[in-house]
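S.K.: Provided below are the primary sequence and the corresponding predicted coordinates.
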Amino acid sequence: MLIGWTLVLSFFLSYAAGLAQPASPASAFTIARLKYSGGGDWYNDPSIIPNLLKYMSENTNTDVAASETAIEAQDENLFTVPVLFLTGHGKVHFSKDDAARLRQYLFAGGFLYADDDYGMDKSFRSEIKKVLPGEEWVELPFSHPLFYSHFKFPGGAPKIHEHDGGPPRTYGLFHENRLVVLYTFNTNISDGWADPGVHEDPPEIRQMALQMGTNIMVYALTN
């Protein structure tokens, strides 16, 4: 499957008039980790995104960077990144201005992937309501293209880490029929991207996590 940077050019072309002009996009795709306030550890597991990018480089034709970037909602470069990633164990908080800025980002073609690392669920659900107050969570069916965008997951998202029991959950928020926010709960996919010794996951679990992460990024870049 050929996934290239040109597939996200529409993101930049659709940038809303009247906002600060975005910087020129980098030639290689990277994932921007979203920094938020509230006390949650937005920065946890520093190896996860570089490992996912490396896996994508080895298993897709995507031109990817070797490392992530970290960005805040008010950063002038926000509109130059097609995918934001958010995780943590604690409280997430968006100011009114942050929420408005993230809404503009999503409406202009951006994509946010949030993965609960156990403990951020309540605050994240509350804060994302500030960003998209008119939208309700939809649990994605196993037939959704996200689960087939590169690797096949006919049973939905894989279970990477056990938290409170029960199956993994994959939720989405849509704007004009486009998935703009993806939220995985009770699975902790991103923990499976970490270096092998961090969580001591067996190779087959890490493989599933990296494959699902690849699916998410491929879907975000092509839809």
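M.R.: Looks like it arrived, so ask away. Bear in mind that the values here come from a model prediction, so they are computed numbers and not experimental data.

S.K.: skipping adjacent residues, who's closest to L106 in space?
M.R.: Take L106 and drop its neighbours on the chain: the residue closest to it by C-beta to C-beta, 6 or more residues apart in numbering is V180, 4.3 Å away. Bear in mind the C-beta positions are built from the backbone N, C-alpha and C, glycine included.

S.K.: can you report how many residues neighbour the one you found?
M.R.: Per other C-beta atoms under 10 Å, the neighbour tally for V180 reads 22.

S.K.: quick one, phi psi at it?
M.R.: In terms of degrees, to the nearest 10, the main-chain angles of V180 are phi -110, psi -30.

S.K.: same check on T69?
M.R.: phi -130, psi 160.

S.K.: likewise L78?
M.R.: Taking degrees, to the nearest 10, you get phi -50, psi -40 for the backbone angles of L78.

S.K.: so what's it up against?
M.R.: 71-72, 101, 105, 110 (C-beta atoms under 8 Å, 6 or more residues apart in numbering).

S.K.: got it, and H150?
M.R.: Taking C-beta under 8 Å, 6+ apart, one finds 1, 59-60, 211, 214-215, 218 in contact with H150.

S.K.: can we see that at 7 Å?
M.R.: 1, 60, 214-215, 218 (C-beta atoms under 7 Å, 6 or more residues apart in numbering).

S.K.: likewise for A209?
M.R.: 158, 160, 189, 192-193.

S.K.: same deal with L102?
M.R.: L102 is in contact with 73, 94, 131, counting by C-beta under 7 Å, 6+ apart.

S.K.: now those residues in JSON lines, with secondary structure, distance to L84 and neighbour count?
M.R.: Formatted as JSON lines, those follow (DSSP: H, G, I helix; E, B strand; the rest coil; distance: C-beta to C-beta, whole Å; neighbours: other C-beta atoms under 10 Å):
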{"residue": "A73", "secondary structure": "coil", "distance to L84": "9", "neighbour count": "22"}
{"residue": "F94", "secondary structure": "coil", "distance to L84": "12", "neighbour count": "24"}
{"residue": "V131", "secondary structure": "helix", "distance to L84": "11", "neighbour count": "22"}
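
S.K.: helices of this protein, residue ranges please.
M.R.: Using DSSP state H, the helices of the chain run over residues 9-13, 48-59, 96-107, 121-131, 196-199, 203-222.

S.K.: picking that back up, farthest-apart pair in the contacts of L78, please.
M.R.: E72 and G110 (14.1 Å; C-beta to C-beta).

S.K.: neighbour count winner among the two?
M.R.: G110 (24 against 15).
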